[in-house]
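>>> missing the sequence, but the structure's below:
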């Protein structure tokens, strides 16, 4: 306005040249301060250019008309020099921005082991604070899946109210937002969230509408969503918000995308470390279980050992080991734990709609991670215990022949996975081997006891000439070798047609009763034989 008034022939006004020179001096001072703060040579040269430009204008104002015209020709030099230095400054600023981004990535320093263990929420919060300090944004939230897109999530927020995380998890916004950002390319900028017309394409999704409402209630005008991916697998999403209508340069978007990839790789590495640690622990425990099972041949001790080791491996509400009694066509529950309490042994008839019989019939393991009641109904089975939670069961196979089943159940969804099922398969195979060894040992021990009994009886028969003494020793050997409450040896007296009990052994000896019993038995047998002859 000053220049326009002067050149519109209102010469009473003072010329605008001194004011323009003052502005140029101020610009030179600003560039000088920037050069000292950032130690940039281009800003220092720009300060010198604007300073010389202002000095030329002051010289034109103070000198005579002819001298001023000669100085006016020199104005083009600082102007061209300033224009060239501005282009230089743009490239130098871009270089400084790249260096800043590289330094920012190094300052994030996400530790792989920090995403494992009970302190994961605190570690995620620290990581989010470092990211916010790098991108210079006031608020953010991080939704993380622990190595499994269908598994439990951790939600942390910085610069937002406390109910943001609670509402996100209660209404299932975390799963929807992870899928939304991954579907939109892994990096999306939501600008002008308060304007309904800007998001008409996504308003059809209730979850996005609810997220918009939450963001507006937190006074966020611009939100950036970065998918946390590694090897084309989304582990979660990172949201950064600001109340300003901020626009991001291409370098800043590349920085945000790099941060997302870095966090995704850290999550994947932590998951792999956690899985490796879990596998090592499981193998060590399976080794201990194998040694414990192979060290006993008593079935009762064997079942107690399996139950003790299963409690170390699983946190479950229900556990059962059931064996099939083919002679009685029954299912006998050798071990049964319900709601943490050990139940007494029981038997029931074999049925078609029980999950134990289903495992034996299919000879395949069964894993139900969620919706237990609905999944069992689809299989045509009865949900005998809890109506919710997860289930894992494996058959007990002896030479491909099912002899029973082992099953665990938890009241929480997705508490059991394929790793637990594989562990149960290994444990079931070891249990079957231990049970078969115990059965063979019992049979061999019984055979050995019977052979020893026959050997002792034969020796007494050969070495003893007194019949009464021989029969007494035989009865004593029979009592020690056989598990009967009464043993009697009777001889048939043909003249009186009676059985005379010559020797007895056992816990209840009753000669008079024994006489009549043995008389009836042997006399009936003798009559049958005489008729046959």
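Yep, it's here. Here the structure is a predicted model, which is why all the values come from computation and not from measurement.

>>> in the chain, which spans are strands?
Ranges of strands in the chain, per DSSP state E, are 139-145, 153-158, 187-190, 222-230, 233-242, 318-325, 330-338, 341-342, 346-349, 366-368, 390-398, 401-410, 486-493, 498-506.

>>> Going by mean pLDDT, which of those comes out lowest?
Out of the strands of the chain, strand 153-158 stands lowest, with a mean of 76 (criterion: mean pLDDT).

>>> can you list the strands of the chain in CSV and add mean neighbour count and distance to residue 24?
Quick note: C-beta positions are derived from backbone N, CA and C, even for glycine. Shown next, in CSV, are the strands of the chain (neighbours: other C-beta atoms under 10 Å; distance: least, C-beta to C-beta, whole Å):
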stretch, mean neighbour count, distance to residue 24
strand 139-145, 24, 41
strand 153-158, 19, 44
strand 187-190, 17, 38
strand 222-230, 24, 36
strand 233-242, 23, 35
strand 318-325, 21, 84
strand 330-338, 17, 87
strand 341-342, 9, 89
strand 346-349, 11, 99
strand 366-368, 20, 77
strand 390-398, 22, 75
strand 401-410, 22, 76
strand 486-493, 17, 127
strand 498-506, 18, 126
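
>>> For residue 249, find the nearest of those strands.
strand 187-190 (11.6 Å; C-beta to C-beta).

>>> Sheet-wise, list the partners of the closest one with their directions.
strand 222-230 (antiparallel) (DSSP bridges).

>>> follow-up on the earlier one: okay, the strands of the chain in a markdown table with distance to residue 179 next?
Shown next, in a markdown table, are these (distance: least, C-beta to C-beta, whole Å):
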| stretch | distance to residue 179 |
| --- | --- |
| strand 139-145 | 11 |
| strand 153-158 | 12 |
| strand 187-190 | 12 |
| strand 222-230 | 10 |
| strand 233-242 | 8 |
| strand 318-325 | 34 |
| strand 330-338 | 38 |
| strand 341-342 | 42 |
| strand 346-349 | 46 |
| strand 366-368 | 24 |
| strand 390-398 | 23 |
| strand 401-410 | 27 |
| strand 486-493 | 77 |
| strand 498-506 | 77 |
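
>>> which one of those strands lies closest to residue 473?
Closest to residue 473 of the strands of the chain, according to C-beta to C-beta: strand 498-506, at 8.3 Å.

>>> Please state the offset of the closest one from the chain centre?
When distances are taken as C-alpha atoms, centre = their mean, to the nearest Å, strand 498-506 is centred 72 Å away from the chain's centroid.

>>> Check which strands are paired with it and give the direction for each one.
Sheet partners by DSSP bridges: for strand 498-506, these are strand 486-493 (antiparallel).

>>> do you know how far the spatially closest residue to residue 267 that is not a sequence neighbour is from residue 228?
Using C-beta to C-beta, 6 or more residues apart in numbering and skipping the chain neighbours, the partner closest in space to residue 267 is residue 235 (4.4 Å). Distance of residue 235 to residue 228, computed by C-beta to C-beta, to the nearest Å: 5 Å.

>>> what's the overlap in contacts for those two?
In terms of C-beta atoms under 8 Å, 6 or more residues apart in numbering, residue 235 and residue 228 are both contacted by the residues 144, 264, 267.
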